[in-house]
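*Asks:* fold the stuff below for me.
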Amino acid sequence: VDYSKHVQAKNNPQTEAVPGKPMSANNAGGFSFEVTDWKRLERFLILGSEGGTYYVDQSDLTKQNVDNVRACIASDGLRVVEMITQISQSGRAAKNDPALYALALCASYGADEKVRGAALYSALPKVARIGTHLFTFCAFIDQMRGWGPALRKAIGRWYLDQPAGKLAYGLVKYQQRGGWSHSDVL
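*Replies:* Modelled structure (predicted):
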């Protein structure tokens, strides 16, 4: 019997998992290598979910990614805040919106005060670097939670901690974006 005709390690079809490898079914009907929740978070922060993929539409992909972000926050919220800050500051992301959304999730659904505090006081000024980013963050946060004292204090610190020249430039350049203005935020 020629056993190699029935099991081929080199020419394994995509519709079957490679024997002995950690693979799972994917959305295309084939098999792919499994990705950890943290790797998936990193991919979301870099690529977002705008436009979806060939096999998954934007809505489903966004829901899957948000569920994953929440799971990572529940597992280690401070690590999530650090990853958001690092990826946003390094310029690795195509857009900053996924980082702002994930930061709003941390500020809203963080398991403890340390996570919410790190998101609002430490990461917010580093991730929301311009007025447009701040307005986007405020729009996201407005959909998730109320405007309690901690959030109002963090937004106030965003304005107060900026150098006067940079703040003046930002107030003039980014007067209104996405239905939000500085007067709305203040």
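
*Asks:* what comes up buried for the helix or strand of the chain with the lowest mean pLDDT?
*Replies:* Ranked by mean pLDDT, DSSP states H and E, the weakest helix or strand in the chain is strand 31-33, scoring a mean of 74. Under the neighbour-count criterion of 16 or more other CB atoms under 10 Å, strand 31-33 has Phe31 buried. Every residue, glycine included, has its C-beta placed from N, CA and C.

*Asks:* flag the shaky bits of this structure, pLDDT-wise.
*Replies:* 1-10, 12-13, 52-55 (pLDDT under 70).

*Asks:* again, 90 this time
*Replies:* 1-36, 48-62, 64-65, 110-112, 174, 177-178, 185-186 (pLDDT under 90).

*Asks:* which parts of it are helices?
*Replies:* Ranges of helices within the chain are 37-47, 58-90, 97-109, 113-117, 124-127, 131-144, 149-160, 164-173, 182-185, based on DSSP state H.

*Asks:* just want the angle from the longest one to helix 97-109.
*Replies:* Orientation of helix 58-90 against helix 97-109 (axes from the mean of the first three to the mean of the last three CA atoms, to 10 degrees) gives an angle of 100 degrees.
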